[in-house]
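Q: Please find the sequence and the predicted model below.
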Protein chains: 2
Amino acid sequence: MRIGEIAHQAGVSTRALRYYEEQGLLTSERTPSGQRTYPESAVERVRLIQQFFTAGLPSRTILQLLPCVDTGHASPKAFELLASERNRITAAMADLAAARDALDRMIDIANHPTPEHCPALREPAWAPYNPADATRTAPHPTAARVASATLITM
Amino acid sequence: MRIGEIAHQAGVSTRALRYYEEQGLLTSERTPSGQRTYPESAVERVRLIQQFFTAGLPSRTILQLLPCVDTGHASPKAFELLASERNRITAAMADLAAARDALDRMIDIANHPTPEHCPALREPAWAPYNPADATRTAPHPTAARVASATLITM
DNA sequence: CTTGCCCTTGACGTCAATGTGAGGTTTTAG
DNA sequence: CTAAAACCTCACATTGACGTCAAGGGCAAG
């Protein structure tokens, strides 16, 4: 298969594939005229690479990891890398969850059916930010938040 | 409080704080000599901003979201934005989970206690990538994977 | 007053995964 | 055979959240 076909099937650009090759993540055979040729399995390989990129792994790290995929064996160093990247991902998921919770609180407040949009009345998940007011104490925790599962189910 | 104090307490650089101000995310009073002054609440505000940045929200989006935090009200447009960003985050979490699963499979294989490191014997979570071999069929699903919870508990 | 640390603005550097365009060759369809 | 489509290499552009350096001003302690 030529590069365009792989790109299409894997859902990436040909530019990306050439970049992967440049980074040592993907190899190709060449026709006598110099065009790249790939086996079918390259599609799956590219999808895996993309998955790692999407997860925020830099190409250098992926480069160190891919041999493990191929050989089924991980050197102690590679093993450590696997573990640390796993931890990074877990931490990133926690960060995302925290941000999503923050958005959820905002959505809850914005969704609040009563007309208590007055900042002085709602429970301050965050203190209203007023730079001109440098001597403020914590506002009253007042209004009860109302559960509203109106948006996304997950 | 001056900028260095806020930066220290919020765990960011002064450069970042000036950048936030430049982007309209953070405001400050000025002393007669031009130095920035912040209220205590700025620390919390900066932490929130950082949380959003960490979650991959661009500054322009955060800029649109912060007024909702302050007013407790979301315009329909802002509400839509809240929802779409929530979806983005949820999708990103799914991507991370998928990548983590991939790493887990690699860890499982690498951890395999038996000497079946031979690629021909293990179950191919991914086909071994061999560009010179364009006419390969799926290998045998053979070796059973062994549960190994040796690394991270989460 | 000076030492030293913190602050100011401004502007250029960074990093990484591509996008994009130029200029030329190869393959394919008719 | 010819024109379109796909491919090649090279190389500069982009994006975003900062880092970093330069050149200078503000302010407490000794």
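A: Structure received. Residues are numbered from 1 along each chain as shown, chains lettered A, B, ... in the order given.
Q: Roughly how far does the residue in chain A positioned nearest to DNA strand D sit from DNA strand C?
A: Nearest to DNA strand D, among the residues of chain A, is A:Gly4, at 2.4 Å (Cβ to the nearest atom of the strand). From N, CA and C alone the C-beta is placed, and that goes for glycine too. Distance, A:Gly4 to DNA strand C, by Cβ to the nearest atom of the strand, to the nearest Å: 10 Å.
Q: Buried residues, the longest helix seen in chain A. List them.
A: As assigned by DSSP state H, the longest helix anywhere in chain A is helix A:76-111. Judged by neighbour count using 16 or more other Cβ atoms under 10 Å in any protein chain shown, the buried positions of helix A:76-111 are A:78-79, A:81-83, A:85-86, A:88-90, A:92-93, A:95-96, A:99-100, A:102-104, A:106-111.
Q: Need the pLDDT of the residue nearest to the spatial centre of chain A.
A: Centroid-nearest residue in chain A: A:Ala55, 4.7 Å away (criterion: Cα atoms, centre = their mean). Note for A:Ala55: predicted pLDDT of 97.
Q: Repeat that for A:Arg60.
A: pLDDT, A:Arg60: 96.
Q: Count the residues that sit near it.
A: As a burial measure, A:Arg60 scores 11 neighbours (other Cβ atoms under 10 Å in any protein chain shown).
Q: can you state the direction angle for the helix or strand encompassing it and helix B:76-111?
A: Using DSSP states H and E, A:Arg60 falls within helix A:59-71. Interaxial angle of helix A:59-71 relative to helix B:76-111 (axes from the mean of the first three to the mean of the last three Cα atoms, to 10 degrees): 40 degrees.
Q: can you tell if helix A:59-71 touches DNA strand D?
A: No - figure legend: helix A:59-71 not in contact with DNA strand D (Cβ under 7 Å from any atom of the strand); closest approach 14.2 Å.
Q: Now do that helix: everything it contacts.
A: A:20, A:23-25, A:48-49, A:52-53, A:57, A:74, A:78, A:81-82, A:85, B:106, B:109-110, B:117, B:119, B:126, B:128-129 (Cβ atoms under 8 Å, 6 or more residues apart in numbering or on different chains).
Q: got the end-to-end distance for stretch A:50-61?
A: 13 Å (Cα to Cα, to the nearest Å).
Q: hang on, the earlier thing: isn't the residue nearest to the centre of chain A right next to B:Asp95, touching?
A: Yes - with contact defined as Cβ atoms under 8 Å, A:Ala55 reaches B:Asp95; the gap is 6.2 Å.
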